[in-house]
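Colleague: Here is a sequence with its predicted model. Questions after.
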Amino acid sequence: NIPRNSVERGMACPKGALLLLSCALLIQISSCNVIDDIQQHNTDRRNHGRVISAVLYCLIVLGYTAMTILLGFLLGWLWHNPLLNWLLQRNGPKSMDSLTKWNTVVWCILLNLVNVIMTAGGMPGWMILGFLWITACICMGVVSCIVSKRHKAFVKTEVVPTSPGSPNTSLAADLDSSNDTFRAHPLPLGKCQFWSTIALGVVMVLLLISVLVVFYVWKMPEYKLWDLENGKEMVEIIPANTGKAIMLMYSWEGLAGNLRAGIYAKIATSYCGNAFRKELKTDDEKKKAFVVPFIEAYDIDMSIFEFPNWQDYNSANEWFIRKITEQYIYRPINPTVPSSCQVMSPADSRMLIFPTLNASKVWIKGSFFSIHDLLDNDDELIEPFIGGTMVIARLAPQDYHRFNSPVGTNSTIKKIKVVDGSYWSVNPDAVVSANGAFYNLRKILLLENPEVGKVAYVAIGATCVGSVILNQNLEEGSTIGGYTELGFMQFGGSTVLMLFEKGKVKFDADIVANSAKPVESYVKVNAMIGQAVTCGATLK
């Protein structure tokens, strides 16, 4: 992992080939140690997220349980099951206290069974059930208060003296003086019912406060990767609440899928589409939409774009699909290698390269991933890449969101295919969670190049990226030149995944080594990431 500017670093060493070599070796050893530290840091970060998310889910489950028992007490008071009463009375007369107690127990058991069943519906089931439970508790709480108030008024008006000097007696007074711990409607709640509902209500409030406190006090460790060009560690800036929400959904393998959280990803994507297409007419609107949360937060250098002034953009999406200048996109990357031999990064991205598809399964949980599903079980697309190499270029919201051809010479578009899919996040925590992020909505190009052979180019959408737009001039059978822009993705993070035929390309050893950890390497659009074997590059 010698930095791309290692020549300058080498020149800082004393003259002499031996000293220059020693300097380079020291830099490489130091870099390897840093890569190991990054890998360990990210592993600890994910484990930390798992612990906190487990605590939060436990608190939520306890809150649901308390609310369910509370509802059971209220239903046991309000609604007596005639069948249950008949069964209990068969063994002899039972007091109202005893009947109501058994009725309450049955209701609590039934409602908790409903909780378990609705869990199969995942987060949508929880949300619906929670809404119903809260509504029912509020309604029955109101009924209880009204009944209690009316009963007190009834007792007061029905007290009639039987004779001068005798104590006041009446049926209402007798009922009111009853010490029953469990009562049935239309009488007010018994002592046990009343204090149990109060205690359960307090527990629910405390658990809710605990969830909010844990969530907002929780400090997410930073996600780290390797800056390939500058040869140093870098931190990916993720908004605090966004990072926590992603960790809650994706910290455990398959959790988001099991919770049926995909519906929320679709809702978020629909919301983002509407919000970021909205025309922004004033500078204040533009500052709130993309200047403060993105340009300033991520310290984005606007000078490299065709329109460097943020005031020239009329919507957030217009800013997200901004174009960079030709001077930047065609900048010389590695002049010692002919452009026709270069394989380049398709975008500003965080990159992983896996020499074999089996190696990739270590990172993306292979039991859930296959190129057959990725390429929609299309044999024409799948067959060339069996045993081939996979390149994953992940784009974050702050990145340049246009993607380019990965080869420096003309390529022929053999096939274009659009595959519908989900809208999972492609955040690194989401990708490794075995929820199928690479099976999101995607557009596939099958390219053929005389130097590197066939390339499957897969542009993948994500949460808040509902549209992956290919340029209008792309057609099957047409030819595209090197450095050609192929399309763009609107707001949010997204991914470009590329498959290369086996033995056709020798990829950058540093990126491959980092990927084996795995640690992502940050590379810029059109940076050279590999060299065609036909040009003399040899595979290790």
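Modeller: Noted; the coordinates are in hand.
Colleague: how many neighbours does Leu113 have?
Modeller: Applying other CB atoms under 10 Å, we find 11 residues neighbouring Leu113. Where you see a C-beta, it was placed from the backbone N, CA and C, and this is true even at glycine.
Colleague: Thr68 versus that one, what's the distance?
Modeller: 10 Å (CB to CB, to the nearest Å).
Colleague: residues in contact with the residue nearest to the spatial centre of the chain?
Modeller: Against the mean C-alpha coordinate of the chain, by CA atoms, centre = their mean, the closest residue is Ile246 at 3.8 Å. Contacts for Ile246 (CB atoms under 8 Å, 6 or more residues apart in numbering) come out as 238, 425, 427, 429-430.
Colleague: Considering these, which possesses the most neighbours?
Modeller: Ser425 (27 neighbours).
Colleague: Spatially nearest residue to it (excluding sequence neighbours)?
Modeller: Thr463 (4.5 Å; CB to CB, 6 or more residues apart in numbering).
Colleague: contacting residues for the one you found?
Modeller: 265, 268-269, 272, 423-426, 492-493.
Colleague: Present those residues as a markdown table; the columns should include pLDDT and distance to Asp284.
Modeller: Listed next are those as a markdown table, based on pLDDT from 0 to 100; distance: CB to CB, whole Å:
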| residue | pLDDT | distance to Asp284 |
| --- | --- | --- |
| Ala265 | 76 | 30 |
| Ala268 | 75 | 25 |
| Thr269 | 75 | 26 |
| Cys272 | 74 | 21 |
| Tyr423 | 79 | 30 |
| Trp424 | 81 | 34 |
| Ser425 | 80 | 30 |
| Val426 | 79 | 32 |
| Gly492 | 65 | 23 |
| Gly493 | 65 | 27 |
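Colleague: and those, which of them are in helices?
Modeller: 265, 268-269, 272 (DSSP state H).
Colleague: Compare those residues and tell me which is most surrounded.
Modeller: In the ones in helices among the contacts of Thr463, the most neighbours by other CB under 10 Å go to Thr269, 23 neighbours.
Colleague: how far away is that residue from Thr463?
Modeller: 6 Å.
Colleague: Pull up the overlap in contacts between the two.
Modeller: Tyr423.
Colleague: how close does Phe403 sit to Glu222?
Modeller: When distance is defined by CB to CB, Phe403 is 27 Å away from Glu222.
Colleague: Looking only at neighbour counts, state which of these two leads.
Modeller: Remark: of Phe403 and Glu222, Phe403 carries more neighbours, 26 against 14, as counted by other CB under 10 Å.
Colleague: In the sheet, which residues pair with that one? Tell me.
Modeller: Gly487 (DSSP bridges).
Colleague: helices or strands next to the longest helix seen in the chain in the packing?
Modeller: Longest helix of the chain, by residue count under DSSP H: helix 17-78. Using 3 or more CB pairs under 8 Å, 6 or more residues apart in numbering; DSSP states H and E, the elements in contact with helix 17-78 are helix 6-11, helix 96-119, helix 122-158, helix 191-217, strand 223-227, strand 232-236, helix 240-250, helix 428-431.
Colleague: mind checking how far the fifth one is from the chain centre?
Modeller: Translated: strand 223-227. Centroid separation between strand 223-227 and its chain, computed with CA atoms, centre = their mean, to the nearest Å, is 19 Å.
Colleague: Neighbouring strands - and their directions - for that strand?
Modeller: By DSSP bridges, strand 223-227 pairs with strand 232-236 (antiparallel), strand 521-523 (parallel).
Colleague: List the buried residues for it?
Modeller: Under the neighbour-count criterion of 16 or more other CB atoms under 10 Å, strand 223-227 has 223-226 buried.
Colleague: Thanks again, I'm all set now.
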